[in-house]
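>>> sharing a model that was predicted from the sequence below.
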Amino acid sequence: IVDGVGGDSPIGVEHDVVRESVNDAKLAREPRGGFLEALAVDDEIARAAELINAGQRVALFCGIGCRDCPDQVVALAEKLRAPIVHTLRAKDIFDYGEGNVVGMTGLIGNPAGYHAVWDADVLLMLGTDFPYDEFIPDGNTIIQVDREVSHIGRRAPVSLGLVGTVKETVEKLAPLVDNTNSASFLRHIEKLRDKWLKQMDDQADLSRTDEPLHPQLFMKQISEKAAEDAFFAVDVGECTVWVARQLRMKGGRRMAGSFNHGSLGGGLPTSLGAAALDPTRQVWAICGDGGFGMSMNDFVTAVRFDWPIKVIVFNNSELGFVKMEMEVSGLPTFPDATGLVNPDFVAYARACGGEGVRVEHAADIPAAIDEAIASTKPFIIDAIVSPGELTMPPSIKLDQAYGFGISKVKEALIGLKGDHSVWKSWRDEFRANVF
């Protein structure tokens, strides 16, 4: 602990000190783990209840700080008839079908989550330091609960900040609220959620046989076939989108990743850590080809220790999310920067001592996933997917549409000047998103 903030700190030990003997003596002060329970004062909690009881459209926006109290949060939302929106980090805490959960907001969220947060007149933020403040409205009543005082008001102006752990605060707050005015608001948001879920199921249907394949097909099949207590190590990039939209965290499933913008390469190492902790648990690494390529040398570590991890590599030979960000910003595609030259991932898996399968046809996806699950060795699914798949946000702003349009105009001019790779990129996007 440094200045009251928890974290890892390096400690340098000289090589000649390591060999010295140390007297066996008890520490003057025993080390203490975990976090102190903190609770806002009663007057502040009573004020929060007043603000909530006055609301007409109350919504809960929940983060990883709700890890140890999902039941209490769901009970509060049901009492208020209010929707629960969650962050990506909290996806394995709140899942569709549990209470009033409507999903995520943000760039990879859904319209229900977006409108629940944006249209609420009272927003209760519980244990979240959600960094994308453009998705949090200004001017509405916001109550934020967090054990870190530095998080209060950091992302949006708050009407009331409660410094405390979510569990203890919610337990004190719940008996004081008595407001069901949000029932019609909840019904509206649930309709948006159900429509969205239907769209996601349609996008992931195996009848969509165009090739290269749609990545959603793989993620939906993994969601349906993975163990009820599977662990998912998620990399950064477009693969995060498919996790957010097609993967269900039912039962005792858990998920971990860096979830920080641009921090590629963490999917495989995270899966190794999970397998080391519990080699008997089914562990999946969800990776794009860019992220996997940054740490693929560690696959041999899984072979060395007989950890039967399952790795899916969404192979579109491109840094797809970077390409999408460039286009939204009004820049033309630049294959020299975003294009990838990938090895044969299945041959690599076998060279390391593992197993693998390359999948290019929709009909082969279920069998490939079954093969990975049944394997007792580290396994790679080389999923050949379209580089043209667009990852659309839940709400498209004018500047984003304008930027994308300008990007296409610039790409057309480049194509007319003789760079015919532009037309291939357009063809891929058309095939992936129109059919």
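Noted; the coordinates are in hand. Residues are numbered from 1 along each chain as shown.
>>> quick one: residues contacting the residue nearest the centre of the chain.
The centre of the chain sits closest to Leu88, judged by Cα atoms, centre = their mean, with a distance of 3.7 Å. For Leu88, the residues meeting the contact criterion (Cβ atoms under 8 Å, 6 or more residues apart in numbering) are 104, 106, 108, 240, 244, 259. C-betas here are computed from N, CA, C, even on glycine.
>>> so which of these are in helices?
If you go by DSSP state H, the contacts of Leu88 have 240, 244 in helices.
>>> out of the contacts of Leu88, who's nearest Ala274?
Taking Cβ to Cβ as the measure, Ala274 sits nearest to Phe259 out of these, at 15.4 Å.
>>> who's in contact with that closest one?
Contacts were defined as Cβ under 8 Å, 6+ apart; by that measure Phe259 touches 88-89, 234, 236, 240.
>>> only the buried subset of those, as a PyMOL command please.
Written as a PyMOL command, the selection of buried residues from these, which uses 16 or more other Cβ atoms under 10 Å, is:
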select buried, resi 88+89+234+236+240
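>>> would you list the contacts of Phe259 in a markdown table and tack on pLDDT and secondary structure?
Putting the contacts of Phe259 into a markdown table (pLDDT from 0 to 100; DSSP: H, G, I helix; E, B strand; the rest coil) gives the following:
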| residue | pLDDT | secondary structure |
| --- | --- | --- |
| Leu88 | 95 | coil |
| Arg89 | 95 | coil |
| Val234 | 97 | strand |
| Val236 | 92 | coil |
| Thr240 | 93 | helix |
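>>> redo the contacts of Phe259 as CSV? Include distance to Val311.
Shown next, in CSV, are these (distance: Cβ to Cβ, whole Å):
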residue, distance to Val311
Leu88, 21
Arg89, 22
Val234, 12
Val236, 15
Thr240, 16
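>>> report the two of the contacts of Phe259 separated the most.
Across the contacts of Phe259, the two members that end up farthest from each other (Cβ to Cβ) are Arg89 and Val236, 12.9 Å apart.
>>> how about low-confidence regions in the protein?
Per-residue confidence for the chain (pLDDT under 70) gives these ranges: 1-11, 13-19, 22-40, 328, 393, 395-435.
>>> what do you get if the cut-off is 50, keeping everything else the same?
1-4, 27-36, 404, 408, 423, 426 (pLDDT under 50).
>>> which stretches of the stretch 1-150 of the chain form helices?
Under the criterion DSSP state H, counting those that start in this stretch, the stretch 1-150 of the chain contains helices at 15-18, 42-53, 70-80, 111-119.
>>> just those: most buried one?
Neighbour counts averaged per stretch over the helices of the stretch 1-150 of the chain are highest for helix 111-119, at a mean of 24; criterion: mean count of other Cβ atoms under 10 Å.
>>> need the residues that contact that helix.
For helix 111-119, the external contacting residues (Cβ under 8 Å, 6+ apart) are 57, 59, 61, 83, 85-86, 102-106, 123, 135-137, 185, 189-190, 192-193, 195-196, 394-395.
>>> which of those fall within strands?
Cross-referencing the contacts of helix 111-119 with the strands (criterion: DSSP state E) gives 59, 61, 85-86, 102-104, 123 as the overlap.
>>> I'd like the contacts of Leu88 as TSV, with distance to Ile380 appended.
Shown next, in TSV, are the contacts of Leu88 (distance: Cβ to Cβ, whole Å):
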residue	distance to Ile380
Met104	28
Gly106	30
Ile108	25
Thr240	19
Ala244	23
Phe259	23
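>>> between the contacts of Leu88, which sits nearest Leu390?
Distance to Leu390 across the contacts of Leu88 (Cβ to Cβ) is lowest for Ile108, with 12.4 Å.
>>> and the gap between that closest one and Phe321?
From Ile108 across to Phe321, the span is 10 Å (Cβ to Cβ, to the nearest Å).
>>> and what of Thr240?
Counting by Cβ to Cβ - Thr240 and Phe321 are separated by 8 Å.
>>> equivalent analysis for Pro279, please.
When Cβ to Cβ is the yardstick, Pro279 and Phe321 sit 32 Å from each other.
>>> without its sequence neighbours, what residue ends up closest to Asn179?
Among residues not flanking Asn179 along the chain, Asn53 sits closest, at 4.5 Å (Cβ to Cβ, 6 or more residues apart in numbering).
>>> contacts only, for the one you found.
177-179.
>>> give me the buried entries from those residues.
With burial judged by 16+ other Cβ under 10 Å, the buried subset of these is 177, 179.
>>> next, format the contacts of Asn53 as CSV and append distance to Asp205 and secondary structure.
CSV is the format used below for the contacts of Asn53 (distance: Cβ to Cβ, whole Å; DSSP: H, G, I helix; E, B strand; the rest coil):
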residue, distance to Asp205, secondary structure
Val177, 42, coil
Asp178, 44, coil
Asn179, 41, coil
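>>> of all the contacts of Asn53, which comes closest to Val74?
Distances from Val74 to those, taken by Cβ to Cβ, are shortest for Val177, at 14.2 Å.
>>> show me the contacts for the closest one.
In this structure, Val177 makes contact with 49, 52-53, 76, 79-80, judged by Cβ under 8 Å, 6+ apart.
>>> ok, so of those residues, who is nearest Asp364?
Leu76 (45.6 Å).
>>> what about the closest residue to that closest one other than its chain neighbours, how many neighbours?
Leaving out its chain neighbours, the residue that sits closest to Leu76 by Cβ to Cβ, 6+ apart is Ala174, at 5.1 Å. When counting by other Cβ atoms under 10 Å, one arrives at 15 neighbours for Ala174.
>>> what's near enough to touch Ala174?
The neighbours of Ala174, taking Cβ under 8 Å, 6+ apart as the test, are 72, 75-76, 79.
>>> so what sits against both of Ile108 and Phe321?
Taking Cβ under 8 Å, 6+ apart as the criterion, Ile108 and Phe321 both touch 241, 391.
>>> between the two, who's got more neighbours?
Each of Ile108 and Phe321 had its neighbours counted (other Cβ under 10 Å), and the higher figure belongs to Phe321 (23 against 20).
>>> so the more buried one is in which element?
When elements are assigned from DSSP states H and E, Phe321 belongs to helix 320-328.
>>> what is whichever helix or strand comes after that helix packed up against?
Proceeding N to C from helix 320-328, the next assigned helix or strand is helix 335-338, under DSSP H and E. Helix 335-338 is packed against helix 320-328, with contacts defined by 3 or more Cβ pairs under 8 Å, 6 or more residues apart in numbering; DSSP states H and E.
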